[in-house]
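Colleague: the following comprises the amino acid sequence and a computationally predicted model.
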Amino acid sequence: MHEWALLIFSICVQTAIGGMFMLWLYQRNISKSGDETTFTILKTPLIIIAVLSLIGLGASFWHLGAPSNAFNTIRNIGSSWMSREIVVTGLFIAAACITAGLAILQKKINPILLLVTAIIGFVDIYCMASIYSNSLISGWNSINTFTSFYGTALVLGAVLIASFTVPALRAKNMDDNAKTLLKLSFFTALFGIAIQLLGVALFPAAMTDVNIMAATAATSSLEPYQGTIAIRWVIEVIGIVLLGYMALSPVKKTTITVAFVALIVIGFAEGLSRYVFYVLGS
Amino acid sequence: MVQMGFYIDVAKCIGCKTCTIACKDKNDLEVGRNFRRVYDFEEGSFPKPSIYHLSISCNHCKDPKCVKNCPTTAIHKRAEDGVVVIDHDKCVGCKYCEWNCPYGAPQFSEELGKMTKCDTCLDLREKGEDPVCVSSCIMRAIEFGPIDELRAKYGTINEVKGMPSASITQPNIVIHM
Ligand code: SF4
Ligand code: SF4
């Protein structure tokens, strides 16, 4: 596996996209408590999203053999999904940074900007997945690429925003809101996992066809990684259970540590899953 | 436009890989970077085993997926002879063409940080010579010329067992088994 740059890029940007969507959902709940409170609570996750998108931008340059030619990459919008993806990713990163920057300047979160940025992001994930699904690599040209990418955005976005919002809510004694929002995150993450599983179920059909001379079918490239795939699911389930415990347990106070453990655990699981994805192409 | 292409005589090829080496030498290619490659295919079992060798470089395809998907338009089809070449002033080294060529033709140069591939020895051809794979083959198993002429002479087979489907990119090659 030598696509570390793409792994970091795709995870960071997809998490930022899912996170932006979650922020929009969160602010709908919190906004009743006033602009200032909303800003204090959502400021940190919003900045983290902007930073993640910038890390993604950096990683995408790292992937290029000749970054000085980067501006050429948008010359083939008419037929190349990579060109389209680069334009839309650029738009998302710009929108995310503007949303965060404006929020800091005005000390106010703009819900419309959150929503517009999230929508650009969802279009971007479609473009990202199309790059791979249009390639000739066995296993990439499958619906699984789409479900895996959207799933990552929802799962990681949901747990990221949860873990960085709960501390602020606790500090303001808004435990009821914390519970509602944790539930929101939990069900979003469950939905993300569900579509990933759907993709896995539909995956085998695309695993055997090889369109590149002397290449191996996904079935055999993945053979040595069955253990990794199993571990990934075990860890992911642990993470989701932690999130579910925080969201559904009758205990009113939520523990901040559990939230961060869930984030790390789920982040690691999604990283493993993406690692296995890139094994196919190398 | 005259579309150029290769004729590969699998029946004559003995798999000695002289073409690969001549190409490496001409293009100064380090270990691992091969514009022309020879694949060995084994088939059947006793008492009827068979082995054949297929020499392949870029097939300067009619419908090149590498060109369609390249984000920079660096990899393109020359108007005059349909040869697919890479403009290094544009290539960003994203390797996407590698994932889109059924024949493994694009070969990444770590040193340049850009993609490289067979250009049918444009410099030699300007001097009226053949590409070096053609002139170096001791079995005279490779020919280069306008694909229409090659097809008239040798037929239209462009895919044999072990190769990806020709329908993906419509390669400009003629193969004789
Ligand atoms: S053989 Fe590969 S690199 Fe050459 S034109 Fe066809 S698709 Fe492109
Ligand atoms: S490596 Fe160069 S030629 Fe190949 S797709 Fe990327 S920009 Fe185009």
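Modeller: Ah, there it is. Residues are numbered from 1 along each chain as shown, chains lettered A, B, ... in the order given. Ligands and ions are numbered 1, 2, ... in the order given.
Colleague: alpha carbons of stretch B:37-45, as CSV, please.
Modeller: The C-alpha coordinates for stretch B:37-45 follow below in CSV (Å, rounded to 0.1, in the frame of the first residue of the first chain):
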residue,chain,number,x,y,z
ARG,B,37,6.6,-5.7,-21.7
VAL,B,38,6.5,-9.4,-22.6
TYR,B,39,3.8,-11.5,-20.9
ASP,B,40,4.2,-15.3,-20.7
PHE,B,41,1.0,-17.3,-20.8
GLU,B,42,0.9,-21.0,-19.9
GLU,B,43,-2.0,-23.1,-20.8
GLY,B,44,-3.3,-26.7,-20.7
SER,B,45,-1.6,-29.7,-19.1
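Colleague: just the strands in chain B please.
Modeller: Ranges of strands within chain B are B:4-9, B:37-43, B:50-56, B:75-77, B:84-86, B:107-109, B:114-116, B:142-146, B:173-176, based on DSSP state E.
Colleague: no, scratch that, I was asking about chain A
Modeller: Going by DSSP E, chain A shows no strands.
Colleague: where in it is the helix or strand with the lowest mean pLDDT?
Modeller: Within chain A, confidence by mean pLDDT, DSSP states H and E is lowest for helix A:218-222 among all helices and strands, at a mean of 88.
Colleague: that one - contacts with which helices or strands?
Modeller: Applying 3 or more C-beta pairs under 8 Å, 6 or more residues apart in numbering or on different chains; DSSP states H and E, we find helix A:218-222 packed against helix A:256-279. From N, CA and C alone the C-beta is placed, and that goes for glycine too.
Colleague: which of the strands of chain B sits most buried?
Modeller: strand B:4-9 (a mean of 24; mean count of other C-beta atoms under 10 Å in any protein chain shown).
Colleague: is stretch B:6-16 anywhere near ligand 1?
Modeller: No: counting by C-beta under 6 Å from any ligand atom, ligand 1 is not contacted by stretch B:6-16; separation bottoms out at 10.4 Å.
Colleague: mind listing residues that contact that stretch?
Modeller: B:38, B:40, B:51-57, B:59, B:138-145, B:150, B:153-154, B:160, B:172-177 (C-beta atoms under 8 Å, 6 or more residues apart in numbering or on different chains).
Colleague: figure out how far the least confident helix or strand of chain A is from the centre of its chain.
Modeller: Distance of helix A:218-222 from its chain centroid, counting by C-alpha atoms, centre = their mean, to the nearest Å, is 25 Å.
Colleague: that one: which residues count as buried?
Modeller: A:218, A:221-222 (16 or more other C-beta atoms under 10 Å in any protein chain shown).
Colleague: quick check: residue B:124 touching residue B:133?
Modeller: No: taking C-beta atoms under 8 Å as the definition, residue B:124 is not a contact partner of residue B:133, at 10.6 Å.
Colleague: which of those two has more neighbours?
Modeller: Neighbours per residue (other C-beta atoms under 10 Å in any protein chain shown) separate residue B:124 from residue B:133, with residue B:133 holding more: 26 against 15.
Colleague: quick check: that one touching residue B:23?
Modeller: Yes: here residue B:133 reaches residue B:23: they are 5.4 Å apart, a contact under C-beta under 8 Å.
Colleague: list residues touching both of those two?
Modeller: In contact with both residue B:133 and residue B:23: B:36, B:57, using C-beta under 8 Å, 6+ apart.
Colleague: beta partners of the spatially closest residue to residue B:172 that is not a sequence neighbour?
Modeller: Distances taken as C-beta to C-beta, 6 or more residues apart in numbering or on different chains put residue B:5 closest to residue B:172, at 3.4 Å, once the chain neighbours are dropped. Under DSSP bridges, the beta-bridge partners of residue B:5 are residue B:145.
Colleague: repeat for the one 4 residues further on
Modeller: Here residue B:9 shows beta-bridge partners residue B:176, assigned using DSSP bridges.
Colleague: circling back to that earlier point, tabulate the strands of chain B (JSON lines), appending mean pLDDT.
Modeller: Converted to JSON lines, those look like this (pLDDT from 0 to 100):
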{"stretch": "strand B:4-9", "mean pLDDT": "97"}
{"stretch": "strand B:37-43", "mean pLDDT": "93"}
{"stretch": "strand B:50-56", "mean pLDDT": "94"}
{"stretch": "strand B:75-77", "mean pLDDT": "97"}
{"stretch": "strand B:84-86", "mean pLDDT": "98"}
{"stretch": "strand B:107-109", "mean pLDDT": "97"}
{"stretch": "strand B:114-116", "mean pLDDT": "98"}
{"stretch": "strand B:142-146", "mean pLDDT": "97"}
{"stretch": "strand B:173-176", "mean pLDDT": "96"}
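Colleague: and those: which comes nearest residue A:265?
Modeller: strand B:107-109 (36.1 Å; C-beta to C-beta).
Colleague: report the buried residues of the longest helix seen in chain B.
Modeller: The longest helix of chain B (DSSP state H) is helix B:18-27. Judged by neighbour count (16+ other C-beta under 10 Å), helix B:18-27 contains these buried residues: B:18-24, B:26-27.
Colleague: the residues you listed: which ones sit near ligand 1?
Modeller: Among these, not one lies near ligand 1 by C-beta under 6 Å from any ligand atom.
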